[in-house]
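> Give the three-dimensional model of this entry:
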Amino acid sequence: MEQISFGTDGWRATLDTFTSPRVRAVGQAVADYLESEGRGGGTVAVGYDARGSSPGFAEDLADVLGGNGFDVLVPERDLPTPAVAWTVRERGLAGGLMLTASHNPPEYNGVKFLPGDGAPALPEVTERIEANLREADPSGGDGEIREEDLVGPYLDHAASFLDDLEDGFDLSGVRVCYDAMHGSGRGVTDRLLEEAGADVERLRTDHDPEFGGSSPEPKADRLEHLIARVAEGDADLGVANDGDSDRVAVVTPEGYVDANLLYVLLYDHLLESDSGPAVRTVSTTFLVDRVAEAHGEDVYETAVGFKWVAEAMREHDALFGGEESGGFGLTAHLRNKDGVLVAGLAAAAHAAEPLDERLGRLRETYGEAHQDRVSVDCPDDRKAGVLSALADELPESVAGVEVDRVNDVDGFKILLADGSWLLVRPSGTEPKLRVYAEAGSEGRVAELLEAGRDLVEPLV
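Numbers count the residues shown, from 1 in each chain. Take a look at the predicted model:
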């Protein structure tokens, strides 16, 4: 049981650790947790991604939950995490479980617990689940396990939501190239776009549990074909999802759109017809703040992790929330990342004003913002000590610019007098410290990152 730990977004591990007995123990712990919350005998959705190991693990969970008296709803096929989260929320289920390792390579798998509101589980919930871990005992109940189409109703909702949001979700005349990266967005995101009128070209939409021998992570260096198709004029816009389609990446004729800039483009588009504050993580661009201020809106900053974004979205009734890793959500739809619906939103924004033109206008209005990060190796048991030491070593200036203030929401974010910033925080998934920087030019970002590395490395 000590091998099971719910980190930033559920429990994730390689298949030598992520085994059937441990998955069944998680199912038992969730059953015990829901019983303690008065949700015993309710219905739990169990979804799974496109990995070869996922359907079998989903069967394990369904067996344990059913044996504990819960009815279990399972999908007809692998599907995006947001489809499961929306189903849980929309149908008032006791909760949901999703078998996925997201963007990790095929030798990994993972499991996420989704509470009844469909938002990511907060630590107070996952800690209680961890405390309940024990050998599965599925012999005390006879819950019904039934299979349903969970994709169709979700897509009907997504199209209707975007139709209301956009005053008509019409992508007629827009040519979109969609790259599923062999993940669970295939036949889902492309279907949403096509049914809205887009002319859709499909890449990597076949079911390959090995993801073509790579990781289903939509970074620029893994989207070369998509980038080339758009650059060559074969599509107006490129869209890609990660393995479980809770994240999205966008490509325009000018190239891959950094997720920070995509946040700004989407929020600016939303504010043309709606209003409301934004929520972003501590590592996400300040350009969001400049756009919000110009519209009289507030911005709320959280620690890294969409669970914190989702909670702030609830607290402040935010219009939009997101993070620099490409996860975005709309409160009115679902307080969780949704790479399928946001792909539709990005295409609608492009139809209203080509994204390259919008980005040029925003840069002219609000200035340049460039961001990058580096990692510093640091054993997990040293992270707290390094941050404690850093608290005593915080400089009065960085790379020749005076420190204005320091934010300790997540690690230390050092805000400089010229509007640039440097962030040092522990990785939640690897034995590393992350060093981020944002400034008005790539050269200045490089200087800040070098200064940040020099600040941190002697403390490790």
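> Helices of the stretch 1-150 of the chain, start to end?
For the stretch 1-150 of the chain, the helices defined by DSSP state H, counting those that start in this stretch cover 20-36, 54-67, 81-90, 123-131.
> most tightly surrounded among these?
helix 81-90 (a mean of 26; mean count of other Cβ atoms under 10 Å). The C-beta positions use only the backbone N, C-alpha and C, and glycine is treated the same way.
> Going by contacts, tell me the helices and strands next to it.
strand 43-48, strand 71-75, strand 95-99, strand 108-114, helix 151-165, helix 339-352 (3 or more Cβ pairs under 8 Å, 6 or more residues apart in numbering; DSSP states H and E).
> Name the residues of the last one that are buried.
Within helix 339-352, the residues scored as buried using 16 or more other Cβ atoms under 10 Å are 339-351.
> Which is the succeeding secondary structure element to it?
For helix 339-352, the following helix or strand on the C-terminal side (DSSP states H and E) is helix 355-366.
> what's the model's confidence in that next one, averaged?
For helix 355-366, mean pLDDT is 97.
> on contacts alone, who are the packing partners of it?
strand 248-252, helix 259-270, helix 287-294, helix 339-352.
> what sits up against it?
In this structure, residues lying in contact with helix 355-366 by Cβ atoms under 8 Å, 6 or more residues apart in numbering are 237, 250, 252-254, 257, 261, 264-265, 268-269, 287, 290-291, 294, 346, 349.
> immediately after that helix, which helix or strand?
Sequence-wise, the next helix or strand beyond helix 355-366 is strand 370-377, with elements assigned using DSSP H and E.
> What residues sit buried inside the one helix or strand Leu433 maps to?
Applying DSSP H and E as the criterion places Leu433 in strand 432-439. By neighbour count with 16+ other Cβ under 10 Å, strand 432-439 contains the buried residues Lys432, Leu433, Arg434, Val435, Tyr436, Ala437, Glu438, Ala439.
> Among the residues you listed, which one lies nearest to Asp163?
Glu438 (35.7 Å; Cβ to Cβ).
> how much space is there between that closest one and Glu368?
Separation of Glu438 from Glu368 (Cβ to Cβ, to the nearest Å): 10 Å.
> do Ser214 as well
To Glu368, Ser214 is 32 Å away according to Cβ to Cβ.
> Ok, Gly95 next?
44 Å.
> The two: who's more crowded?
Looking at Gly95 and Glu368 with other Cβ atoms under 10 Å, you find the greater number of neighbours at Gly95, namely 26 against 12.
> For the more buried one, list the residues it contacts.
Gly95 neighbours (Cβ under 8 Å, 6+ apart): Val30, Leu34, Arg39, Gly42, Val44, Ala45, Val88, Phe113, Leu114, Pro115, Gly116.
> From Tyr33, how far out is it?
From Gly95 to Tyr33 the distance is 8 Å (Cβ to Cβ).
> re earlier: with pLDDT and distance to Val188 added, can I get the contacts of Gly95 in JSON lines?
Shown next, in JSON lines, are those (pLDDT from 0 to 100; distance: Cβ to Cβ, whole Å):
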{"residue": "Val30", "pLDDT": "97", "distance to Val188": "26"}
{"residue": "Leu34", "pLDDT": "98", "distance to Val188": "28"}
{"residue": "Arg39", "pLDDT": "96", "distance to Val188": "28"}
{"residue": "Gly42", "pLDDT": "97", "distance to Val188": "26"}
{"residue": "Val44", "pLDDT": "98", "distance to Val188": "22"}
{"residue": "Ala45", "pLDDT": "98", "distance to Val188": "16"}
{"residue": "Val88", "pLDDT": "98", "distance to Val188": "17"}
{"residue": "Phe113", "pLDDT": "97", "distance to Val188": "22"}
{"residue": "Leu114", "pLDDT": "97", "distance to Val188": "18"}
{"residue": "Pro115", "pLDDT": "97", "distance to Val188": "23"}
{"residue": "Gly116", "pLDDT": "97", "distance to Val188": "23"}
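> you'd agree Glu457 is in a helix?
Yes. Glu457 forms part of a helix when assessed by DSSP: H, G, I helix; E, B strand; the rest coil.
> So what's the residue count around it?
Neighbour count for Glu457, taken as other Cβ under 10 Å: 14.
> my guess is it contacts Val376, does it?
Yes. Glu457 lies in contact with Val376 (Cβ atoms under 8 Å); the separation is 5.8 Å.
> Of all the helices of the stretch 1-150 of the chain, which one is nearest Asn109?
Closest approach to Asn109 among the helices of the stretch 1-150 of the chain is made by helix 54-67 (6.4 Å; Cβ to Cβ).
> what packs against the closest one?
helix 20-36, strand 43-48, strand 71-75, strand 95-99, strand 108-114, strand 145-148.
> pLDDT (mean, whole number) over the fourth one?
Translated: strand 95-99. The pLDDT scores in strand 95-99 average 98.
> Given that strand, what are its sheet partners and their directions?
Applying DSSP bridges to the sheet, strand 95-99 is found paired with strand 43-48 (parallel), strand 108-114 (antiparallel).
> How far away from the center of its chain is the longest one?
Distance of strand 108-114 from the chain centroid (Cα atoms, centre = their mean, to the nearest Å) equals 13 Å.
> Please name the residues that touch the residue nearest the centre of the chain.
Geometric centre of the chain, nearest residue: Gly327, 3.4 Å, by Cα atoms, centre = their mean. Gly327 makes contacts with Asp246, Arg247, Phe306, Val309, Lys337, Gly339, as judged by Cβ under 8 Å, 6+ apart.
> Spatially, and excluding backbone neighbours, which residue is closest to it.
Distances taken as Cβ to Cβ, 6 or more residues apart in numbering place Lys337 nearest to Gly327, at 3.7 Å, with adjacent residues excluded.
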